[in-house]
Each structure stands twice: as structure tokens, then as C-alpha cells.
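Enquirer: pasted the sequence and its predicted model underneath.
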Amino acid sequence: MIANSFEYSAPGSLKEALALLAEGAKPLAGGMSLIPMMKLRLANPEHLVDIGRLPELNYIREEGGAIHIGAGVTHFEVESSPLLLGKCPLLAETAAYIGDIQVRNRGTLGGSVAHADPSADYPAALHALDAKIVLTSSEGTRTLSTEEFFLDTFTTALDPGEIVSEVIVPVDAGLTGTSYQKFLQPASGFAIVGAAARVRQEGGKFTMVRVGVTGLSGNGYRARNVEDALVGQDVTDANIKAAAALVADGQDASSDLHATAEYRAHLAGAYTARALRAALSRSA
Amino acid sequence: MTTTVTKLEKLVGKRIKRKEDPRLITGTATYVEDVKLPELLHAAILRSPHGAANIKSIDISKAAALPGVVAVYTGADILGVGSVVCAADLPGLRKPVHHILAQDRTYFVGHAVAVVVAKDRYVAADGVDLIEVDWQPTQAVTDPEKALAAGAPAVHPEWPDNTAFIHNQEGGDMAQAFADAEVVVKQRIVSQRLIPNPMETRGVVADWKQADKAMTIWTSTQIPHLARSILAGQLGLDENRVRLIAPEVGGGFGSKLNVYPEEALMGFVSMKLQKPVKWIESRRENFQTTIHGRGHVDYLEIAAKRDGTILGLKLKLIQDLGAYHQLLTPAIPTLSVLMMPGLYKFRNISAQVIGVFTNAVPTDAYRGAGRPEATHGIERMVDMLAAEIGMDPAEIRYKNFAGKDDFPFLTAAGLTYDSGDYAATLDKALEMIDYKGLREQQVQARAEGKLMGIGISTYGELCGFGPSPATPAGGWESATVKVEPSGKVTVMTGCSPHGQGQETSFAQIAADELGVPLDDVIVLHGDTSIVQYGIGTFGSRNTAVGGAALFYALQDIREKAKRFGAKMLGVEDGEVVLADGHCTDSNGNSVTFQQIAGAAYRGIVIPTGSEPGLVATRFWEPSNFAYPYGAHIIVSEVDKETGQIEIKRYLAVDDIGNIINPLLVDGQLHGGVAQGLGQALWEHGVYDDDGQLVSGTFMDYAMPRARMMPWIESAHTITPSPVNPLGAKGVGEAGTIGSTPAMVNSVVDALAPLGVRHIDMPMTAGKIWKLMQDSSIQEKKA
Amino acid sequence: MKIAGTSQLPFPPEKAYDLMQDPAMLALAIPGCNSLEKTGDNEYKLSLKMALASLSGQFEGKVTLTEPNRPYSFKMLVEGTGKIGFVKGEGVIKLSGLGDGISITSAITATGIEFAGDAQIGGSIATVGQRMIDTTSKMMVKQFFKKLEKLGLGAEGTNPEAGGTAGE
Ligand SMILES: Cc1cc2nc3c(=O)[nH]c(=O)nc-3n(C[C@H](O)[C@H](O)[C@H](O)COP(=O)(O)OP(=O)(O)OC[C@H]3O[C@@H](n4cnc5c(N)ncnc54)[C@H](O)[C@@H]3O)c2cc1C
């Protein structure tokens, strides 16, 4: 459990950091995913650039009707931010489910998003929130939707030298109800499945539904089939159940020591329904 | 000199905070990793990535050439060092030679192949990466039943049947029991492999001083003196020139009741290089190379009358031994046989234990060591029998308990249980949990479609190890009490507590006996140059055996102090009492214990026939084990949709004999229950068919966390043990032993309406969900 | 560990089969492949760099293609060893012709692929990467067939004379 030797830089500005990254260095944020891999010598980067301390990546602010969160914000800061708790509670609720308090105190939103672990919690919420991911390199900045950003298992649209610099989430007005429901893998605490739901209702009908899922397969995803099955429909538990049962359709469910593909698919349905019910109960 | 002597409060029986905690929680305790010596070198070990492989060649040249690397040793270098010791013996036992580094073949993933010694840990690890081994992997076998099948790969080519031993034990007349039986229930029950994970992994520092021909070894062990004897033998050194220090030990749970290859290996390296060397086990190494626990496949048959009277129990026990025998590996399943009758009075048992080699790390003692498996077996079988004949699980237990007048009670397995009133303990538990009310609640819950279960386990265990003839290396324990001239007291115990709290409980005992403040007593242990020979800490023995040795040493001190006191008061020996820190004569004149201590060392007044000083040492041999027992009840509910189990209530009523410190007892019980629930619900050491340990990190090995634990309601009945003067039994393993069957019984009870009669551990949510799926399919078909 | 799955390629089995027997094409399609050199009959030396998330490792090994039955099936054995562990996989790949899915008499225009086999994974990656193995192997298979599809449709540059050495 001893890492190979590596070079470490802790630049004082984002610009400097990006310049180093353009030369092929690897970013280090909270280190909660990267350092364990290095200690096991499964990851052996030659040069780490610590972006976890950059003030330029550490903010949560409301701007132009959306909330902008710097990539360096820790899970604990997300979980406890009054702004997020008030105006985007789904993200705060999701962050509170991550790991343990030590992990949440160090791990960052940007690091988790960039890492794209297929069992990570944020992707579910970010899909459901129609979040935008802002990528920055020494060449400039681009903004992607979550579906454009999360490509596959541990695979994102990030180019070499590019970092996740910001995540943008909407302000959820009082009419929207949200919830994240997670089935914990007993050893790691990661999601066997996690489902995030965001709903609005009017006159007894669903007017807006977003469902994001993590853990089920190699990549978190937005369950559009569930959404489509509900929008315009009556708000009934039978409809929720029927729609949630579609969530695993077309997904190649993963299988491991802790859950067979069959069980995962079943849980995805169950937890999607739970998330939808909880979200509904919180929508005005 | 007449004084009013204030009566001192007795400390034994009080919830006293642990004396050892301040250093632990302020980070000032010294663990092996904290040992720093001038010119200390660091070792890292190359381990086999294969479950079974031939080593065609090893090229160490690149590693040896790495700047900072001091030496590299492989199997060829260590042939002069004795192999790893197994102290257990059974007739016909096959003992493979277990070299401290592999020779031409490796037998399990993690098997040590070479050691790199370097100026720091980082370079040593880099060196390991540079060793090139030409491996020729061969087929491994990791499932003990598959290993017994014809044509299975041979773990040790010289023994193609993979059988290390077959051990039979009969008691009574099993054939008759079956002939008389009106009902026989059979079940295959698995006690899965578990991976002990003390917070502190193993670690060794060895420091050889050529000029003195003296070796000092710091190692994280539960048995400093036994380890010293074994290591002196392996290294060919004089026992008195080996000093072994078990500094702070961050937990062991049985996994450090052992002497591992790395201990002799570091001694060898230090002698070769004439420098001190340190090796600290990584967590991954701990998973792969420190012993595992359990690993049973049990085939059980219980014979009974329809009225619930148990007639006999038959067991075929397949023990997954792993590739080698560690210190006690083959002995552990024989303990399961001894405990197979549980608390019940039936007279017939028949057991066959088959010890099987597999390409896996050896199994050995892990909290409970053989008794949890046995208890799980009998307590599951009793519940299954009850279900079969439609009897209440509490009632069937009452029907079969040994009665309180039966003690000392000779069991069908040949043990003599010391004392007990099993029905009283179950009475108390049933009353506390309102068993009748619960069963009514359950009827209601079932009517509402809920899966509510109530699980009882009435466990017994043998602990306080133990009479020397019944143990591989002596079962007595030792204590020295040294009173300093100031009257301060130093206790040296041969036990080696590492979390159990004897620095506190032994101080309580000493303070009470001598009438000194608790803070005047310190308890030393774990250093063979300070403490007289001792056996160590395992098998819930510290209080029952080590405490007894201490008690008798304290009586010697008391006797001597009284003689000095009498002399000082100018009265006859028999005319004084020693109480509350004073020696008082019939006239009410007294001297304090501290004054006596001062006088004993000053040497001016010496009682006739006595001598100066105030020190006593006792070695105490127990005449029997001690047998704690208890009743654990778990109320659970299973989520129909996901299979998740929720523990609604956990009640433990334990009878562990007299209690020295209830706070320590709670701690032992809570930890034990957590470990038992870990096995029942989550933990599983899994090897794949190729010998890879696939649950090899905490990402996949589900250690229970605080948030996963239920609130534990705890109470006691107290039946003192007649075996030792303290009347104490033992509590170190009780929670682990009592909890697993209570948990499984509870969940099986919850799922009984679906036709479920047994579930193997761990009862993961996915497994329960699958069971519910399958049984609902069957229901639909039927 | 069992591996099994299905895929489709938008050209007939003969073409799909030939692509999968062509070391130059395989070299381009196997994710992370640095080189694939012929070392004997149906045997190729493989050098592969696996880079996934922060995990990265160099593997050396070989690919063996046996039991050819053009265009229906063949057997493939892949072995690789690196510092972070080793992989050994053996499986049968079956190809079947697919029509337009409407008329049973339609011309065969695509290939259905079915693979099934056993993989042995050892060393560090087996011990510490359990939860990644399933998703990762699936992703690599997906990438392989996607690349093969592009190669078959001529959408990617090929380098046939490089003796099987190719890469990105
Ligand atoms: C015990 C434990 C339990 C955990 N449980 C959970 C859980 O339940 N749910 C969950 O979702 N996660 C869990 N995690 C993971 C945790 O959330 C990590 O913090 C997170 O995945 C990575 O964030 P980090 O800031 O620590 O990134 P790092 O570990 O520093 O980096 C991870 C990777 O992302 C790259 N990177 C980092 N920041 C950026 C950036 N801004 N732009 C581009 N690349 C970047 C790094 O180069 C590296 O490859 C757990 C981790 C641990 C150790």
C-alpha cells in the first residue's frame, strides 16, 4: 500500500494548473478515488497537480437563475450549503449519501464527476437536474449536458489537459419535488443502485418528470422511458409503479459479488419508485 | 495508634473507565509501527499472485541493483530457519512443511516468495516490483468440498486426496438414538470464511545484537511468551536471549494468536544484516496472509421424539484448512465437536471432522474459534426441529436444557459444564422482550403481509482456556504482584491484553484486595523481559485464569503484609486483619498498607521466618474450563420488496459468572455481537475457483459499521463459576457465539410463511430476495 | 468468471469473420492495443495498455485463434500479464447471418455475434478491482465491436502493411 514516487505540484492559480495539465500532468482533487488506486499501484501518475486547493474552483453561487458550483467544492460543502439546501435540495441530499464523513470532507464534486465511477451518486442527481458540466483547459471552456459528458464506465468527454471546472444546476422552485434513494453496497457504501427523481404535478397530473439512475449498469443515465411514461399521466401509485418498472429496460445490468444483474435491475425499479414517491410527497 | 479506618468502596463490580484509554485516545500509545531505532531498515515482501503455481525461476538482479535496496532474500536463502510451527496435533495429522519463504511452489495468493530490505519502505516496495518471477500457474482448488472430490487438483502433490486428517468422536449410542427417533431433521449448514481485521495489522521489528547474541523482537501478538519460545527455536537462539515485546496491540480477535513467517523472517534478516529491520503488514496483506476464520461445511442430523425430546446429534464437518497449518489450525474444528451438544442434555453424539487442504490462506482461531460454528449448528437444528414438529422454539429449549441441579454436568461430548441455570436466563430474556406479546404481534404482522421474525439462541461456550492437558501449550496463567516501598503496586500478568481492558479490571481486583487506590496500581504485560512466563490472551481466559493467578498472588501479598503489620503492631500474626488499606489489631490499632510496604523494604523489623520485600508470583492451573451461556433474542423484519433485513430489537441476557467491570463487559459484548452480526449478515471471504481472493479489500469485504448496528439491550444473570476464586467465566467471545444463530433463526422465522426453513450466512439482501422470488414461484406453482 | 454477450455488425458474416481473423484489424479494434505481432500459426504477441479512470497498466501477452470455421465460429484465447495483474480469457465467438428482419428471404446484410467464455483475472486487479471488472470488461467488448464496425465500413484508416502493428 505504498505508492510509486511521483512529482507533486500545488500551483496557486487555475491558469498555472491548466498549463501544467496541458503538459500531461494529472489533476488531484480530494484524492479519495485517486490516492487509493495509487497506494495499490494500480494508478501510477508521474506528475500530480493539486487543484483541490484552488480558491478559483471553490464557490457555490446563484447567478442568472441557476446555481454554479466550483469543481473544488467538497461533498460536505454541497451537503450543507444553505443555498443548495434551499434551492437545489436534490444535490445536497445526494451528497449526504456519499461515503462517510471523512470522505465527504475531502472528496470534491468535480473529482467525482470527472472520475465517472459507475456507482457514484452524483451522476443520478445531475441527470435528473438537467445539470451542465463546464470543462476548462488552457485552450478555453466548453459546456456539456450530462448525457454528452458521461460516456461510459469511468469514461467522460474530458480531453487530455482539460478539467471539470464547474457544475451548473437549476434553481428548483417550490413546485418541484425531488428525492434521491440509494441502496448501499454493504462493504463500500457505494450505490448498488441509486435513483434520483424530480417531479412537478398540476391538477393531479405529472407535468415534469426527471429520473437519473446510477449503479445499475456501466454508466449513470437519464431514464427517459420512465419520464415519458409518466408525463401527462395521473398521479397514482399504479402509474409510478408501472413507469418505474421500465427503468432497467435496455440497460446491460452489472453483476458482481454484491448483486446479480437480475437483482440490480429489480432494485433499480424499486428505488426509482421510492424516489418518485418521495419526490412527489415533496412537490407542492 | 488507634485510628478510625474508613471503609473503602469495593471497585470490583463497578463501571470504571479504562485506565488504558487516555494514551489510546491521545495518540501516545506505542504500536509496532511506532518503534523507531537508529539505522532501521525496512522490508517489503513479494507475494504470489497465483492460487497455485510453480516457480520456474526468480530473478532478483534488478531489485538488488536498485539504489537504496540493501538485500533481497528468496526461498533458497532461508533454509536454515525453522519452518512455521503448528502446535496442534491429531492422530495421523499430515503436516506440510511451511517454510517462511516459498520454495519452488506457491500454495495460495499472498504466499511469501521473497523479501526486499531497503533504506525506506518506498524503496523496498519499488524493489518488490522489480523482482521477476517466471510463474507456471497450475490449477488451484479453493472449495473444500470440491477439493475432496475425485480428480481434484492436489494442493500438496504428495497428498492427492487433500485430506489433512479425519477426526472421529462418539459419545453415547448414536445408532440407538436414530433407532428410537420419531423424527430426524437433516441440514447442510455453512459457516463461511471470515477475514479478521484488527484495526492494527500485523507488524514486526527485529533487532539483533551480535555482541550479546541477543535478539529483541517487537511484534503485534496475543502470545508474547509462546511466540518467543517458538521464534527462539526457529532462529536457533537461546530463549533467554530473545526478548519479545508485544507493545500496544490494536486488536487481534485470534488472528494474532499465532506465529507467522514474517516474524522469523525479520529475525533472520536482522541477523544477516546486523541491523534492525521493520515490516508492517499492509491492509491488503492482512486480507491475504493473516489467518482467516470459520470455513465450515457441516452436515447435521438431529434425532428426536415428537414431543421435542432430543435424542442425538450427528455431524460431518468439512473444515477448510487452507494450504497450511498455522499454530492451531487443525485443532479449531475439534472444539466445534466438543460444543456440539450446546446446553442440552441429550446423551448421544457422533462427529466426523475432515480437515481439507485448499489453495487459500490457512484458517485458524477467530473470535469464538470453533464454538460459534458449533453453536450455530445446534441452535439452527433445534429451531428446525421445533418447526418440523410444530413446537415453539422457546419451549423446545426448556424441554432439553440441562437442569440447574445437574451441575457439574457431564455432556455427551465429554465436557463437564461448571455451573448454570439455563432456564432462568431464558426466562429473564423472554420476560424482558415480552415473548408472548411479540408472538401475538407477529400474528398480526403476518396478517398484514409483513415478514416479522423472532429468533432465539441459547448458546453456551467453553472458555477460560483451560486445563493444561487440554491445551497444546499449557493452559495455566501467571501473575506477579510487586509492591514498591511507597506502597504503589505493579501487577505483571502473563496474559497479553490487547483491548480487553485488564489494565483496568486487574487493577480493580488488586486495589480491592490490598485496599489501595485504583490509581496506585499499574498493570504490565507483553514484554518477556519484564513479565514472568505466561500463556497469553485468547479463548476468553484473561479474567478466569489470569485473574485467578493474580488473586492468589494478591493473597500471598496480603499474608506477608499481615505478618509485617502484626510485627509492627507488636501482636501475634493471627491477631490482625487487613482491610480497607489498614492492618488492624483487636485493640483497633493499625498501620497502613503503605507503612507496611515501607517497613518491608526498610528491613529493620522482619517477622520471624519471613524476609524483606513485598513481591509475590503465582502460576495458577485451572481444573476445568469455564462455561458461560446466555439467551439472545432478535426481532427482525424483512423488506418484501428488496430482501433487506432490519433488526427491530436485539436482546442479550448473558451469564458470564461474576462481573468485575460491567463497562468492559458491555464493550466485549457489543463488539462480539457486531462480529457475529457481521458474519450473519454481510461478511464473506470469497476465493474464486482460481484461488483469487475476490473479497480482498474493504470495498468488497463488508465489515460491519457502527451505522449498521442495532441498539443492544443487555442484561445478566449471575451464576459464579466454581472453577476459579473470582467466580468469573468469560465474555470475550460470548456475543459472537450467541448472535449468529439468533439472527438466522429470526430471519428464517420471518420467512417461514414462505416455506423457508434454512438460510446460510451471510444473509445478504440479494440472497433473501432470491429466496423470496424462488419460494413465491413455488407457491404459485403449488 | 463467465463472460457472455451479443453484438451486431452491419455487414455479412464472411466479412465480419475475416476482420476478426486479421491481426491488423484486431490490433486496431482491441482497446488499448499497442501491437499485435504474428509469432506462429494463429498465434500473436499482444502488447496492450489499459487506461481507465486513474487505473493504468501495461500488459504483455498473446492472442491465439483456433478452431476456425468460417464464417460460423472460431475460438479465441487471450492472455496478458502486467504489474497490476493478469488476465486469461478463452471463448467461442459465433457468427450468424441476419437479414433485414422483415422478410425471412431477405439477403443477409448483417452479422449477429454471440460470445461466451471464461475469464480468469488475477493479481491486484482481481483483489481490489472487483466492482470494476464486470462493467469494464463489458465496456471493452462494446468498444471492440464498435471499432470493428467502423473498420468494416471503411470509416477508419487501416494500415494493412504494418504487419499487424497498429494503434492509436
Ligand atoms: C471510503 C470511500 C467511500 C466512498 N463512497 C462513495 C459513495 O458512496 N458514493 C460516491 O459517489 N463516491 C464515493 N466515494 C468516492 C468519493 O466521492 C470521491 O471523493 C470522488 O469519487 C472523487 O473525488 P475526489 O475529489 O476525491 O477526486 P480525486 O480522487 O482527487 O480524483 C479522481 C479522478 O478524477 C480526476 N479529477 C479530479 N478532479 C478533477 C477535475 N476537476 N477535472 C478533471 N479531472 C479531475 C483525477 O485526476 C482522478 O483521475 C468514496 C470514496 C471512498 C474513499
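Expert: That came in fine, so what should we check first?

Enquirer: how about the longest helix seen in chain C: buried residues?
Expert: Assignment by DSSP state H gives helix C:130-152 as the longest helix of chain C. Within helix C:130-152, the residues that count as buried by 16 or more other CB atoms under 10 Å in any protein chain shown are C:130-145, C:147-149, C:151-152. Bear in mind the C-beta positions are built from the backbone N, C-alpha and C, glycine included.

Enquirer: and if you look at stretch B:602-621?
Expert: B:607, B:614-620.

Enquirer: just checking, residue B:751 touches residue B:451?
Expert: Yes: in this structure residue B:751 lies within contact range of residue B:451 using CB atoms under 8 Å: 6.2 Å.

Enquirer: overlap in contacts, the two.
Expert: Residues touching both residue B:751 and residue B:451 by CB atoms under 8 Å, 6 or more residues apart in numbering or on different chains: residue B:638.

Enquirer: these two - which one has more neighbours?
Expert: residue B:451 (24 against 21; other CB atoms under 10 Å in any protein chain shown).

Enquirer: among the buried residues of stretch B:602-621, which are in strands?
Expert: Under the assignment DSSP state E, the buried residues of stretch B:602-621 contribute B:615-620 to strands.

Enquirer: with distance to residue A:38 and pLDDT as added columns, please give these in a markdown table.
Expert: Converted to a markdown table, those look like this (distance: CB to CB, whole Å; pLDDT from 0 to 100):
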| residue | distance to residue A:38 | pLDDT |
| --- | --- | --- |
| B:615 | 54 | 98 |
| B:616 | 56 | 98 |
| B:617 | 52 | 98 |
| B:618 | 54 | 98 |
| B:619 | 52 | 98 |
| B:620 | 52 | 98 |
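
Enquirer: including distance to chain C, could those residues go into a markdown table?
Expert: Output for these, formatted as a markdown table (distance: CB to the nearest CB, whole Å):
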| residue | distance to chain C |
| --- | --- |
| B:615 | 52 |
| B:616 | 52 |
| B:617 | 48 |
| B:618 | 48 |
| B:619 | 45 |
| B:620 | 45 |
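
Enquirer: all helices of chain A, in order?
Expert: Going by DSSP H, chain A shows helices at A:14-22, A:34-39, A:75-80, A:82-87, A:89-96, A:101-106, A:109-115, A:122-128, A:146-149, A:224-230, A:237-244, A:261-282.

Enquirer: looking at these, which is nearest to chain B?
Expert: Nearest to chain B, of all the helices of chain A, is helix A:261-282, at 4.5 Å by CB to the nearest CB.

Enquirer: now that closest one: buried residues?
Expert: Those would be A:261, A:263-280, A:282, for helix A:261-282 by 16+ other CB under 10 Å.

Enquirer: quick one: mean pLDDT over that helix.
Expert: Per-region confidence: helix A:261-282 scores 97 on mean pLDDT.

Enquirer: check contacts around residue B:640.
Expert: Counted by CB under 8 Å, 6+ apart, residue B:640 has contacts B:449-451, B:772.

Enquirer: residues touching the closest residue to chain C within the stretch 551-700 of chain B, list them.
Expert: Ranked by CB to the nearest CB, the top residue of the stretch 551-700 of chain B for proximity to chain C is residue B:696, at 3.4 Å. Going by CB under 8 Å, 6+ apart, residue B:696 touches B:284, B:287-288, C:126-128, C:130.

Enquirer: for it, give me the pLDDT.
Expert: 92.

Enquirer: and it, its phi and psi?
Expert: Torsion angles at residue B:696 (phi, psi; degrees, to the nearest 10) stand at phi -100, psi 10.

Enquirer: tell me how far it lies from residue C:65.
Expert: As judged by CB to CB, to the nearest Å, residue B:696 and residue C:65 stand 33 Å apart.

Enquirer: from the buried residues of stretch B:602-621, which single one is nearest residue A:240?
Expert: Using CB to CB, residue B:620 comes nearest to residue A:240 of those, at 68.9 Å.

Enquirer: pretty sure the closest one sits against residue B:549.
Expert: Yes: counting by CB under 8 Å, residue B:620 touches residue B:549, with 3.8 Å between them.

Enquirer: now for these two: what residues contact both?
Expert: Taking CB under 8 Å, 6+ apart as the contact rule, residue B:620 and residue B:549 both touch B:476-479.

Enquirer: which of those residues has the most neighbours?
Expert: In terms of neighbours by other CB under 10 Å, the shared contacts of residue B:620 and residue B:549 top out with residue B:479 at 32 neighbours.

Enquirer: kindly export the host helix or strand of it (C-alpha atoms) in PDB.
Expert: Using DSSP states H and E, residue B:479 sits in strand B:477-483. Provided in PDB are the C-alpha atoms of strand B:477-483 (Å, rounded to 0.1, in the frame of the first residue of the first chain):
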ATOM      1  CA  GLU B 477      -1.600 -18.300  33.700                       C
ATOM      2  CA  SER B 478       0.800 -16.300  35.800                       C
ATOM      3  CA  ALA B 479       0.800 -13.100  37.800                       C
ATOM      4  CA  THR B 480       3.400 -11.200  39.800                       C
ATOM      5  CA  VAL B 481       2.400  -8.500  42.300                       C
ATOM      6  CA  LYS B 482       5.200  -6.200  43.200                       C
ATOM      7  CA  VAL B 483       4.500  -3.700  45.900                       C
END
